[in-house]
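Undergrad: below are the sequence and a predicted model for it; my questions follow.
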Amino acid sequence: MNAFRTFEEAGWRHLAAAYDRMIGHITGRVAGPLLDAARVTTGTRMLDLACGPGYAAAAAARRGAVPVGVDLSPAMVALARYRHPGLDFREASAEALPFASSRFDAVVGNFVLPHLSEPEVVVGECVRVLKPGGRLALSAWDRPERARFVGVLVEAIAEVGPPPPADLPDGPPFFRYADTGEIGTLLTGAGLADVTVTTMAFEHHLASADELWDGLLDGTVRTSALVAGQSAETRDMIRASFNRRLAPYTRPDGLVMPVSVVLARGTTPRS
């Protein structure tokens with residue numbers, strides 16, 4: 001898992017802007033519901049964990065909250081600072097947050113879970129920096145059959161069945177926390193109370209199959225490395241399977257892709 005963490009950190013150094021161009025348009029739509037789950041309002045001291053381009057932090061600031069964003073990727077932090085000047089963004093590891101205990105009223109993590117080699121350690125750090133009665137809210141992709149935006153490519157790769165490149169380290173199961181029991185156990189295991197897990201669904205419009213294909217490969221680390229490491233023939237097979245799976249979502253003006261997200265929240269004990 002240490003190798004996977006290093007691999008992720010290196011990958012995001014080059015993909016921050018590409019992520020922001022397409023995938024970020026979708027993950028950014030989850031920022032509002034995530035802030036609602038964490039009850040972020042005026043004056044809330046909030047940590048945006050693995051902030052990426054700063055979508056949740058910026059949304060929190062518009063509510064009158066006082067956000068701080070952290071990300072392991074210097075490129076993501078630089079992009080967040082550029083996009084949202086005046087907000088506080090810092091380079092930091094989620095496994096060792098550079099904050100005193102009981103610093104924040106709320107912590108949110110928007111799609112951070114699939115990228116964590118040690119999720120229990122990270123959630124423990126979130127609990128540490130939350131004050132008593134503080135709120136933690138996390139989002140994750142739902143199962144591929146419901147989160148079609150990512151599911152079509154996942155299924156296309158599975159159908160072709162290529163072996164991973166030799167230099168691609170093992171990582172945590174990407175859809176582990178689509179299981180509501182798993183994500184609930186993660187939060188309760190860290191000592192959080194009043195844990196609730198819900199799902200939200202919406203549709204996202206894209207201009208073409210090329211936009212979705214390019215966006216998923218240009219704006220991801222693990223998946224793009226898996227596909228790029230194949231032969232040209234194998235990549236063509238994956239693309240053909242991908243295109244077939246898009247047929248139900250194709251409209252005269254492009255694609256309408258179903259998106260489904262798991263949202264989990266919990267509260268730190270007051271005593």
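TA: Okay, I see it.
Undergrad: buried ones in whichever helix or strand H204 is part of?
TA: Per DSSP states H and E, H204 falls inside strand 193-206. Within strand 193-206, the residues that count as buried by 16 or more other CB atoms under 10 Å are V195, V197, M200, H204, L206. Every C-beta, even on glycine, is put in place using the N, C-alpha and C of the backbone.
Undergrad: what pairs with that strand, parallel or antiparallel?
TA: Here strand 193-206 is paired, per DSSP bridges, with strand 254-267 (antiparallel).
Undergrad: for the record, mean pLDDT for the partner strand?
TA: What strand 254-267 shows for mean pLDDT is 97.
Undergrad: ok now it, how far from the chain's centre?
TA: Taking CA atoms, centre = their mean, to the nearest Å, the mean C-alpha location of strand 254-267 is offset from the chain mean by 11 Å.
Undergrad: now stretch 79-97
TA: Worked out by CA atoms, centre = their mean, stretch 79-97 lies 16 Å from the chain centre.
Undergrad: cool, and stretch 185-204?
TA: Distance of stretch 185-204 from its chain centroid, counting by CA atoms, centre = their mean, is 14 Å.
Undergrad: tell me the contacts of the most centrally placed residue in the chain?
TA: With distances taken as CA atoms, centre = their mean, F111 lies nearest the centre of the chain, 1.9 Å away. Residues near F111 by CB atoms under 8 Å, 6 or more residues apart in numbering: T27, V30, A50, S139, A140, W141.
Undergrad: would TSV of those with secondary structure be doable?
TA: Output for the contacts of F111, formatted as TSV (DSSP: H, G, I helix; E, B strand; the rest coil):
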residue	secondary structure
T27	helix
V30	helix
A50	coil
S139	strand
A140	strand
W141	strand
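Undergrad: ok, of those, which come out buried?
TA: Among the contacts of F111, those classed as buried by 16+ other CB under 10 Å are T27, V30, A50, S139, A140, W141.
Undergrad: greatest separation within those residues: which pair is it?
TA: Farthest-apart pair in the buried ones among the contacts of F111 is A50 and W141; separation 14.4 Å (CB to CB).
Undergrad: neighbours around S101, how many?
TA: 11 (other CB atoms under 10 Å).
Undergrad: what sits against it?
TA: The contact partners of S101, by CB under 8 Å, 6+ apart, come to R128, V129.
Undergrad: all strands for the stretch 51-200 of the chain, in order.
TA: 66-71, 88-91, 104-110, 130-141, 193-206 (DSSP state E, counting those that start in this stretch).
Undergrad: got the ones you listed as a markdown table, with distance to H14 and mean pLDDT columns?
TA: Listed next are these as a markdown table, based on distance: least, CB to CB, whole Å; pLDDT from 0 to 100:
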| stretch | distance to H14 | mean pLDDT |
| --- | --- | --- |
| strand 66-71 | 15 | 98 |
| strand 88-91 | 16 | 97 |
| strand 104-110 | 21 | 98 |
| strand 130-141 | 22 | 97 |
| strand 193-206 | 23 | 97 |
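Undergrad: need those in a markdown table (columns: distance to D214).
TA: A markdown table is the format used below for the strands of the stretch 51-200 of the chain (distance: least, CB to CB, whole Å):
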| stretch | distance to D214 |
| --- | --- |
| strand 66-71 | 23 |
| strand 88-91 | 27 |
| strand 104-110 | 22 |
| strand 130-141 | 19 |
| strand 193-206 | 10 |
